[in-house]
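> how does the following fold in three dimensions:
(chains A and B)
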Amino acid sequence: MRQKAVITIQEEYSLIDQILAGEEALYATLVDKYKSFAFTIALKVVNNRAEAEEIAQDGFIKAFHYLKKFNREAKFSTWLYRIVFNTAISYKRKSKQQFESIENSIVTYSERADHELEKDDKRVFLSQALEKLSEADRVAVQLYYIKEYSLEETAEILGQNINTLKVRVHRARQRLADELKKILKEEALTL
Amino acid sequence: MEKSKLTDDELLNYLDGMGTEAARKALKESIIKNSVIQKRLKELEAIHFFLQNQKGLEQPSKNFTDKVIQRLHAKPSFTIFSPKNGLILLIGLVVASGLALILLTAGSFDQLHTVFNFNSLPIKTEAIKIPKTIPFDVKTFVKVFVMLNLVIGFILLDRTILRPIFQRRSERMSL
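Here you go, the predicted structure:
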């Protein structure tokens, strides 16, 4: 029987001690508690549910194997999410190298298709504009808007300075606003 | 240029609900007075609402936890070689083995054999017993090379191409 997912930090530390002492099945409690955000982080990076699931699982497995090295200076969740984020980034880099040419052709096609079918839908354009942002800016702004963690914690998860994160979030929104402005201008011209 | 950047930052902080009450009030007044800033605020506001309405926390599959626990002691699913690199290496091994086999069947190595002679070595062979001569047949060496290549080729095929493909397929089907 799994323990209840709502546990305090102290209970979490004692749970980690028990896991390190050999009660590996208790790790399920930690997985249950943090799986949603871990999966969300991976999904925001790779944008594919099956791959995100695999990455999040790998992140949890890596965290389990490095549990002895968790020094408890930061929260377990922050430490775990950073592992998941790094796993997702390295996976994305690997698959980007492999499938870059295929991806490019798909994007070109979908852009054209969306343009033909949903010309007036700003959401579609903004979603596409979001995809055009740099990986770091896109993930930063998306995690910021989930509002699950504070700006400080989000910065720690992403391995960035808090000021860098603030700049990324501002810059991402500015770029999206500029992109929207461009779209509206083009729409006005085609009327 | 710098001024407009600063204004954007202030407007974004305003949308995020940051700043003191007095500062927010002052900013609101300057927005009302300036139609350019009003327009920019609307653009940024559209982005703010778009991002706010994005999906929040996503849920993984129902058996996510069980899969993690099952895989705790399994090997990681990502191998050192990517499928592409694995395939390139595999093709290289097949080509090298193929060439070696062609040369072998053509009889190119039939005359290539020699004998390593240790008689002239300036060491005393009383302490360590080493044979005085060792025959070396290049044909046998090439055969061993081809066999080793084939074994490595099969391992590569399994680890970097087949296993990841079937693993991903089964995981996608179970989602």
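> confirm that residue A:74 sits in a helix.
No: counting by DSSP: H, G, I helix; E, B strand; the rest coil, residue A:74 falls outside a helix, being coil.
> isn't it right up against residue A:156?
Yes: if you go by C-beta atoms under 8 Å, residue A:74 and residue A:156 touch, sitting 6.4 Å apart. C-beta: built from backbone N, CA, C; applies to glycine.
> and the two? Which one has more around it.
Per other C-beta atoms under 10 Å in any protein chain shown, whichever of residue A:74 and residue A:156 has more neighbours is residue A:156, with 20 against 14.
> list the residues that contact that one.
Contact analysis of residue A:156 by C-beta atoms under 8 Å, 6 or more residues apart in numbering or on different chains lists A:74, A:78, A:82.
> and the gap between the second one and residue A:148?
Yep, that's residue A:78 we're talking about. 12 Å (C-beta to C-beta, to the nearest Å).
> do the last one as well
As judged by C-beta to C-beta, residue A:82 and residue A:148 stand 15 Å apart.
> name the element the most centrally placed residue in chain A belongs to?
Nearest to the mean C-alpha position of chain A, by C-alpha atoms, centre = their mean, lies residue A:41 at 2.4 Å. Using DSSP states H and E, the element containing residue A:41 is helix A:27-46.
> export that helix as CSV, just CAs?
C-alpha atoms of helix A:27-46 as CSV (Å, rounded to 0.1, in the frame of the first residue of the first chain):
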residue,chain,number,x,y,z
TYR,A,27,10.2,5.5,-3.8
ALA,A,28,6.8,5.2,-5.3
THR,A,29,5.5,7.8,-2.8
LEU,A,30,8.0,10.3,-4.2
VAL,A,31,7.2,9.4,-7.8
ASP,A,32,3.5,9.8,-7.1
LYS,A,33,4.0,13.2,-5.5
TYR,A,34,6.2,14.7,-8.2
LYS,A,35,5.3,12.9,-11.4
SER,A,36,2.9,15.6,-12.8
PHE,A,37,5.4,18.5,-12.7
ALA,A,38,8.3,16.3,-13.9
PHE,A,39,6.2,15.1,-16.8
THR,A,40,5.1,18.7,-17.5
ILE,A,41,8.7,19.9,-17.6
ALA,A,42,9.7,17.2,-20.0
LEU,A,43,6.7,17.8,-22.2
LYS,A,44,7.4,21.6,-22.4
VAL,A,45,10.9,20.7,-23.6
VAL,A,46,10.2,17.9,-26.1
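> between helix A:27-46 and the helix or strand following that helix, find me the angle.
Under the assignment DSSP H and E, the closest C-terminal helix or strand after helix A:27-46 is helix A:49-65. Angle of helix A:49-65 versus helix A:27-46, following axes from the mean of the first three to the mean of the last three C-alpha atoms, to 10 degrees, is 130 degrees.
> does helix A:49-65 reach chain B?
Yes: applying C-beta under 8 Å from any C-beta of the partner chain, one finds helix A:49-65 in contact with chain B at A:49, A:50, A:52, A:53, A:54, A:56, A:57, A:58, A:60, A:61, A:62, A:64.
> next, the buried residues of that helix.
A:49-64 (16 or more other C-beta atoms under 10 Å in any protein chain shown).
> cool, stretch A:70-77 as well?
For stretch A:70-77, burial by neighbour count (16+ other C-beta under 10 Å) applies to A:70, A:76, A:77.
> and it, how far from the chain's centre?
20 Å (C-alpha atoms, centre = their mean, to the nearest Å).
> run through who's touching that stretch.
Contacts of stretch A:70-77 (C-beta under 8 Å, 6+ apart): A:9, A:12, A:13, A:16, A:30, A:34, A:37, A:63, A:79, A:153, A:156.
> dump the residue contacts of the residue nearest to the centre of chain A.
Counted by C-beta under 8 Å, 6+ apart, residue A:41 has contacts A:56, A:81, A:84, A:85, A:88, A:139, A:143, A:157.
> repeat that with 10 Å
By C-beta atoms under 10 Å, 6 or more residues apart in numbering or on different chains, residue A:41 lies in contact with A:52, A:55-56, A:59, A:80-82, A:84-85, A:87-88, A:139, A:142-143, A:146, A:148, A:157-158, B:58.
> could you chop chain A up by domain?
Domain assignment for chain A, taken from automatic domain parsing, gives A:9-95, A:111-189.
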